[in-house]
Each structure stands twice: as structure tokens, then as C-alpha cells.
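*Asks:* Sequence and computational prediction follow.
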Amino acid sequence: MQYDTINVTLENNIAIITLNRPDVMNALNAQMRAELTNALHEMGKKARVIVLTGAGRSFCSGQDLGDRTAISKIDLERTLRDEYEPMLHAIVNCPVPTITALNGVAAGAGANLALAADVVIAAKSAYFMQAFTKIGLIPDAGGTYILPRAMGMAKAMGAALFADKITAEQADNWGLIWEAVEDAAFSDHWMARAAHLANGPTVAYSNIKTAFRETWKNTLSQQLEAEARLQKDCGNTRDFQEGVLAFMEKRPAIFEGR
């Protein structure tokens, strides 16, 4: 499928989805949201890992405020329900691991889009900004859900109220992201991370995502039950058999899925 606002490549089981409106810092408009949602669904069926990144110096500057006609007529509730929610669900519920390769600024909805991925790897020059109060809004695109859980209520509240920059290194230290990487090593590093996941046990990865999502609503007993159920599923795969055999033979495992 051809897209106008994003680029999509698939090679070696790694899908790279690049937000591609660099002239507006990859700001989100309705077309990009729809294309990104479609690409995530499409690549979730074809790839073993999906990487989200941005073209140019920005990952995503958030909602496109430059289209004044669209903004003047925008119904914020409808836009969030009909356009943002499907996009975010497509990331969070993707059947394969998702990585955000944060190449630059991620502001407003762009910050929370980035944080919706399973793993965020950021260049040290990149930063986040919950910029919503600068235009009289609250964090959306999942921000009020993600931020308190990822870095605690105190840091989340300060980030939302003050709309300060959060550097990649701060985000790393606060537990908001997986890691911050020197700019010179950034591209090679996230590609190596993506390749690692692309060659890994796909059922285990999918079940890890399921287990971690369920933990927020479960008691300990319910979570232990979920672990047992999901582990049974993993134990019935060829990947489990291959992993044990490779361990015994002291060689790298070759995972091929169920």
C-alpha cells in the first residue's frame, strides 16, 4: 500500500514506519493518523517487529496546528475518539513488539504517540514535551494513562503542568523510556535492537505484552493465573523446544515462531 504522509519499509522481518512530514516537524493531521493506523495493522501481520521513527530533525511535534481551517473546525472529542484512539490501540495492541526510535523532538500528542510503543530508544539530543497547557489543553493521546504509570504521579504532574522539556537522559533516568543513546551510535543501535526482536520468540513476545497489560487490572492471584495460562501457551511452541535444545547444546537459538 502506498502512503503520502508516512514511509513504510519491510526488510528482514523489520517494518520501519517513518512519519514523513518533515516540513512541519511531522505534525499529525487526519491523513497521517489514518495512514499510520492502517500501516500498523498491515505490518502487524507481516513483520516480526515494527519501528516508529521520524523524518528530519523531529519525531513528531503533535497535532498539526498550522492548518487553521481544520483547527477552527476541530471537534476535539470526536477527533480523539475516532482518529487518535484507533491509532493508539493499533500500537499498544500490535501483535508484534513495537519500538519508537526517537530521533528528535516529541511534543504534545507526538510525545504520547512515541511512548505508546513497547520500547522507546532515544537519541540523547531528543526530548519530550507535554506541551498541552501551552494551548490550554490537558495531555491526551494516552498521556494521562501512560505518564503516571511510567514515571510516577509527581513527575507526571509536573511534566503536564509546567510543559517543560524532558531530555532523553532525564526520561531514561526517570524510567519513562528504555534507553538514551549517543547520537552517533543511535541508528546502528536501534537497528540492532530491532534485529534482536525480529529474530526472537514471537509467541513469548506477544504473551509478554498481554501479561503486562493485564497486570494493571489484576490482583496477584489473577496475575499468577494469567502467567500460568500464557506460559502454557509458550511451552507448547517450537520456539520453547528450540530454546531448551540450544541451551543444552550451548549455541544461539533459532526461533521461527510456533
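*Replies:* Arrived safely. Residues are numbered from 1 along each chain as shown.
*Asks:* hey, let's count contacts and neighbours off CA atoms from now on
*Replies:* OK.
*Asks:* Next up, the contacts around Val8.
*Replies:* By C-alpha atoms under 8 Å, 6 or more residues apart in numbering, the residues touching Val8 are 15-18, 39.
*Asks:* What helix or strand is it located in?
*Replies:* Secondary structure from DSSP states H and E places Val8 in strand 6-11.
*Asks:* strand partners of that strand, parallel vs antiparallel please.
*Replies:* strand 14-19 (antiparallel) (DSSP bridges).
*Asks:* Check which residues of the next helix or strand after the partner strand are buried.
*Replies:* Using DSSP H and E, the helix or strand that follows strand 14-19 towards the C-terminus is helix 30-46. Of all the residues in helix 30-46, those buried under the rule 16 or more other C-alpha atoms under 10 Å are 32-41, 43-44.
*Asks:* helices or strands next to helix 30-46 in the packing?
*Replies:* In this structure, helix 30-46 packs against strand 6-11, strand 14-19, strand 49-54, helix 85-92, with contacts taken as 3 or more C-alpha pairs under 8 Å, 6 or more residues apart in numbering; DSSP states H and E.
*Asks:* now the angle from the second one to strand 49-54?
*Replies:* Orientation check (axes from the mean of the first three to the mean of the last three C-alpha atoms, to 10 degrees): strand 14-19 against strand 49-54 gives 20 degrees.
*Asks:* what's the model's confidence in strand 14-19, averaged?
*Replies:* Across strand 14-19, pLDDT averages out at 98.
*Asks:* so that strand versus helix 30-46, what angle?
*Replies:* 180 degrees.
*Asks:* pLDDT weak spots in this protein?
*Replies:* Residue ranges of the chain with pLDDT under 70: 67-73, 258.
*Asks:* Among the contacts of Val8, which one sits closest to Thr237?
*Replies:* Ala15 (24.0 Å; C-alpha to C-alpha).
*Asks:* burial count for that closest one?
*Replies:* 25 (other C-alpha atoms under 10 Å).
*Asks:* residues touching it, list them.
*Replies:* 8-9, 43, 47-51.
*Asks:* try 10 Å this time
*Replies:* Ala15 is in contact with 8-9, 39-40, 42-44, 46-52, 98, 194, 198, counting by C-alpha atoms under 10 Å, 6 or more residues apart in numbering.
*Asks:* What of Thr237?
*Replies:* For Thr237, counting by C-alpha under 10 Å, 6+ apart, the contacting residues are 201-204, 256-258.
*Asks:* Tell me which of the helices and strands packed on helix 30-46 sits most buried.
*Replies:* Highest mean neighbour count among these (mean count of other C-alpha atoms under 10 Å): strand 49-54, with a mean of 26.
*Asks:* What is the subsequent helix or strand relative to that strand?
*Replies:* strand 58-60.
*Asks:* my guess is Ile99 contacts His189, does it?
*Replies:* No: assessed by C-alpha atoms under 10 Å, Ile99 is found out of contact with His189, at 12.0 Å.
*Asks:* per-domain residue ranges of the protein.
*Replies:* 6-198, 202-249 (automatic domain parsing).
*Asks:* Output the helices and strands packed on helix 30-46 as a markdown table; include the columns distance to Gly243.
*Replies:* Shown next, in a markdown table, are the helices and strands packed on helix 30-46 (distance: least, C-alpha to C-alpha, whole Å):
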| stretch | distance to Gly243 |
| --- | --- |
| strand 6-11 | 24 |
| strand 14-19 | 22 |
| strand 49-54 | 20 |
| helix 85-92 | 27 |
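*Asks:* Pull the contacting residues for Trp216.
*Replies:* 149, 223 are the contacts of Trp216 under C-alpha under 10 Å, 6+ apart.
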